[in-house]
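>>> what shape does this take:
(one chain, ligands or ions: 1)
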Amino acid sequence: MERNGSIEIICGPMFAGKSEEIIRRVRRMEYAKKKVICFKPGIDNRYSQDEIVSHNQSKKKSYVISSSKDIYKYLDDDVYSIVIDEVQFLDMGIISVIEDLASKGIRVIVGGLDLDFRGEPFTVTMEILARAEKVTKLSAICVRCGNEATRTQRIINGIPAFYEDEIIQIGAFEKYEPRCRYCHEVPHKEEIVKESK
Ligand SMILES: [Zn+2]
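Numbering: from 1, shown residues only. Now for the predicted structure:
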């Protein structure tokens with residue numbers, strides 16, 4: 001059995017270049033004639049349904065999956081690597097899927113947000129971070145002060161999103177920007193976190 005499987009994760013906030021880094025790794029493997037299969041969850045439709053697309057428009061064809069178990073449908077014996085972008089949107093089953101594939105000798109590369117707009121960890125990403133052989137944490141640049149940005153600021157109708165705002169708000173004008181720890185704003189966070197203790 002092949003013993004060169006592993007899990008690599010590329011995490012960080014939006015605008016840190018995660019998808020570009022994934023595409024770079026895919027290209028390197030493809031130059032070496034390795035078979036790579038890419039996946040992304042169906043929920044991420046920012047640019048394109050069936051491609052991993054970075055903000056600078058590099059692209060890589062990928063299969064859209066709605067459940068982590070769907071990955072098995074696309075695998076065959078000569079797969080060298082599987083790549084999953086936006087992993088934070090997948091179900092928790094992805095943990096056992098990637099552990100299984102890495103144990104079978106596949107190089108697993110995943111990308112995703114480590115923190116949600118509230119500045120709290122996505123459970124899926126957190127689990128993978130702990131299990132990965134190789135962790136790459138990228139940062140962006142804070143639009144307010146120029147510090148290293150590790151958080152994603154969510155803005156709804158022109159003001160910072162509240163802690164209790166729903167993840168998806170229909171009809172609201174939303175945007176996101178990279179911010180540092182000091183400039184990241186989450187109104188109501190302290191009150192709600194205190195109450196729940
Ligand atoms: Zn800042």
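
>>> surely residue 167 forms part of a strand?
No. Assignment of residue 167 by DSSP: H, G, I helix; E, B strand; the rest coil gives coil, placing it outside any strand.

>>> burial of it, as a residue count?
Residues lying near residue 167 (other Cβ atoms under 10 Å) number 9. Heads up, the C-betas are built off the backbone N, CA and C, glycines and all.

>>> and for residue 117?
Count around residue 117 with other Cβ under 10 Å applied: 23.

>>> got it, and residue 148?
Neighbour number of residue 148 under other Cβ under 10 Å is 14.

>>> neighbours around the residue lying closest to it once chain neighbours are set aside, how many?
Closest residue to residue 148 apart from its sequence neighbours, by Cβ to Cβ, 6 or more residues apart in numbering: residue 139 at 4.5 Å. Per other Cβ under 10 Å, the neighbour tally for residue 139 reads 17.

>>> same question for the one 4 residues further on.
Here the count is done by other Cβ under 10 Å, and residue 143 has 14 residues near it.

>>> need the nearest residue in space to it, chain neighbours excluded.
Nearest one to residue 143, counting by Cβ to Cβ, 6+ apart, is residue 177 at 4.9 Å.

>>> how is this structure partitioned into domains?
Here the domain parsing of the chain from automatic domain parsing is 6-138, 148-195.

>>> find the centremost residue of this protein, please.
Nearest residue to the geometric centre of the chain (Cα atoms, centre = their mean): residue 112, 1.1 Å.

>>> next, the residue nearest to residue 143: phi, psi?
phi -150, psi 150 (degrees, to the nearest 10).

>>> nice, that's everything, thank you.
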